[in-house]
Each structure stands twice: as structure tokens, then as C-alpha cells.
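J.: I would like to see how this sequence folds:
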Amino acid sequence: MRKTKQDFIDFLESLQGKDIFEIHAITNNEYRECDKLKTRFPEYVRYVEYIGEFLFFVNTGVRPCNISFEEFLLYKPICENLVETGSLKKEVLELFKHE
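T.: From the prediction side, this is the model:
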């Protein structure tokens, strides 16, 4: 039962096309479920951190300070979709232009 960065990327891809409320609910649920498992499966620790960092961004609109710019860019397709649907202001895309 291993969770990797690719699992996180797959998780983000599964959120494509969902609205902001669904994204928040699904991410919150994923965080809670995996957080419970990390004590039994230490390899979940980093995955839970990835989910938590994304949840922080969803809640605040602020880039988490402990992720790389490359990791942050993984959020961009979801944000672009949310801007298209009017769930986020287009200014959020400015965050993805600079490291």
C-alpha cells in the first residue's frame, strides 16, 4: 500500500472538471482518510503532506511555502478550469507565472 508523488498527480487529475466545492470536499476526505493510515503505513506521510498542502491552497489561495515551484505548477490545470467556470478569479493564475 504505497502512496507516491504519482498517486498525488493522479489524485489532482481526478479533480479536473469538478467545481470548487467538490474539490474541497474530495480533498478534505482524502486527507482525513490517508492521515489515519499514515501511522500504519509510513510511506503515506509524504502523500498526506501533498494533500494537506493542496488543501491549504484550496482554502486560502496562497501557495504553500514548503513546496517547490514545480510541485505548485501541478495545481495550475485545476485552477485554469476553475477560472474558466467562474469559480476563481483570473488573478489566481498570476501565482503560476513566477517562482
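J.: Any chance of the backbone angles for the nearest residue to Lys38 once chain neighbours are set aside?
T.: The spatially closest residue to Lys38, leaving aside those adjacent along the chain, is Tyr44, at 4.0 Å (Cβ to Cβ, 6 or more residues apart in numbering). The way it works is simple: take the backbone N, C-alpha and C, and place the C-beta from them, glycine included. Dihedral angles of Tyr44 (phi, psi; degrees, to the nearest 10) stand at phi -80, psi -20.
J.: now swap in Lys97 and tell me
T.: phi -90, psi -20.
J.: Neighbours of it, how many?
T.: 6 (other Cβ atoms under 10 Å).
J.: Equivalent analysis for Gly17, please.
T.: Look at Gly17: counted by other Cβ under 10 Å, it has 10 neighbours.
J.: repeat for Cys34
T.: For Cys34, the neighbour count with other Cβ under 10 Å is 21.
J.: Kindly report the same for His24.
T.: By the measure other Cβ under 10 Å, the count of residues near His24 is 14.
J.: ok, it - contacts?
T.: For His24, the contacting residues are 55, 58-59, by Cβ atoms under 8 Å, 6 or more residues apart in numbering.
J.: Which SSE is immediately downstream of the one helix or strand it maps to?
T.: Using DSSP states H and E, His24 sits in helix 20-37. Next helix or strand after helix 20-37 toward the C-terminus (DSSP H and E): helix 44-60.
J.: Now that following helix: average pLDDT?
T.: Average pLDDT, helix 44-60: 95.
J.: Next, the angle helix 20-37 makes with that helix.
T.: 150 degrees (axes from the mean of the first three to the mean of the last three Cα atoms, to 10 degrees).
J.: burial measure for the closest residue in space to Cys34 that isn't next to it in sequence, as a count.
T.: Leaving aside its chain neighbours, Cys34 sits nearest to Val48 (4.9 Å; criterion: Cβ to Cβ, 6+ apart). By the criterion of other Cβ under 10 Å, Val48 has 20 neighbours.
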